[in-house]
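Visitor: What would the 3D arrangement of this be:
(one chain, ligands or ions: 1)
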Amino acid sequence: MRYLTIALGKGRLANQAMELFEKIGIGCQEMKDKDSRKLIFVNEEHKVRFFLAKGPDVPTYVEYGAADIGIVGSDTIVEEGRNLFEVLDLGFGKCRMCVCGPASARGFLEHSQQIRVATKYPNIAKDYFYNRKHQTVEIIKLNGSIELAPIVGLSEVIVDIVETGSTLRENGLEILEEVCPLSARMVVNQVSMRMENERIGSMIEKLRKLLQSEE
Ligand code: PRP
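Guide: Okay, the predicted model is just below:
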């Protein structure tokens with residue numbers, strides 16, 4: 001039997017995903033070692049291989065078939081726009097994509113002014129401002145600590161993830177508009193879905209039942 005390969009976005013999502021896999025009997029003891037720098041882990045009994053990738057790279061591995069399955073946030077799925085099947089909302093990693101800034105920036109949004117928007121998610125930001133709000137803006141791509149941008153004058157607002165809201169609060173910013181809710185999803189390569197239908201289908205079913213029972 002060939003290995004089924006599962007790509008996990010490094011960090012909190014990966015830990016929570018492994019808790020779910022463990023509950024359906026596909027655990028991986030080796031992955032629990034927090035000091036390990038290993039990237040690939042194998043469950044020989046079930047012929048499943050897990051690997052840890054950067055979140056935004058997970059859809060890439062899955063589209064090309066280097067991973068049969070991926071666990072990643074819906075923000076990344078939408079941003080990357082890859083060809084893959086999204087099969088399950090895993091219910092964890094819940095947060096929101098929002099337009100944020102200082103309270104004083106509210107007027108820029110109401111009056112459709114041509115402002116600068118800093119974000120790690122240029123495609124989501126473009127779609128929101130151009131297609132939903134019909135507001136022409138300049139999108140500035142950043143790679144992290146997005147909240148800095150309006151504080152130091154790089155942009156008027158940001159499009160970013162808000163989970164608890166504490167990063168915003170501690171930096172004197174607030175939610176100005178909500179773009180969409182987000183959560184962790186399971187995605188599957190389109191060919192794998194056909195070729196490994198039985199194994200992947202049964203894994204999806206077990207996860208679905210587990211999630212329902214935990215609701
Ligand atoms: C994310 C996001 C916000 C923060 C939101 O950043 O970009 O900055 O978390 O969480 P909160 O509402 O609970 O404060 P992350 O920690 O992933 O780091 P980054 O700045 O490198 O993107």
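
Visitor: does the ligand sit close to the strand of greatest length in the chain?
Guide: Criterion DSSP state E: the longest strand present in the chain is strand 174-182. No - shown here: strand 174-182 not in contact with the ligand (CB under 6 Å from any ligand atom), separated by at least 9.6 Å. C-betas here are computed from N, CA, C, even on glycine.

Visitor: center of this structure, which residue is that?
Guide: Centroid check for the chain by CA atoms, centre = their mean gives residue 73 as the closest residue, at 1.9 Å.

Visitor: Any figure for the gap between that residue and residue 108?
Guide: 28 Å (CB to CB, to the nearest Å).

Visitor: try residue 169
Guide: Taking CB to CB, one finds residue 169 at 21 Å from residue 108.

Visitor: higher neighbour count, those two?
Guide: residue 108 (19 against 10; other CB atoms under 10 Å).

Visitor: Can you say which helix or strand has residue 66 in it?
Guide: Residue 66 is part of no helix or strand when elements are defined by DSSP states H and E.

Visitor: The nearest residue to it once chain neighbours are set aside: neighbour count?
Guide: Distances taken as CB to CB, 6 or more residues apart in numbering place residue 5 nearest to residue 66, at 7.2 Å, with adjacent residues excluded. Using other CB under 10 Å, residue 5 has 21 neighbouring residues.

Visitor: got the phi/psi numbers for residue 5?
Guide: phi -110, psi 130 (degrees, to the nearest 10).

Visitor: ditto for the one 3 residues further on
Guide: Its backbone dihedrals place residue 8 at phi -120, psi 140, with angles given as degrees, to the nearest 10.

Visitor: Now for it: which residues touch it?
Guide: For residue 8, the contact set (CB atoms under 8 Å, 6 or more residues apart in numbering) comprises 14, 17-18, 50-53, 58, 70-71.

Visitor: Near the ligand, which residues of the protein? Just list them.
Guide: 144-147, 160-167.

Visitor: pLDDT weak spots in this protein?
Guide: Scanning the chain for pLDDT under 70 picks out no residues.

Visitor: top helix in it by residue count?
Guide: In the chain, taking DSSP state H as the definition, the longest helix is helix 197-214.

Visitor: Name the SS class of residue 46, please.
Guide: coil (DSSP: H, G, I helix; E, B strand; the rest coil).
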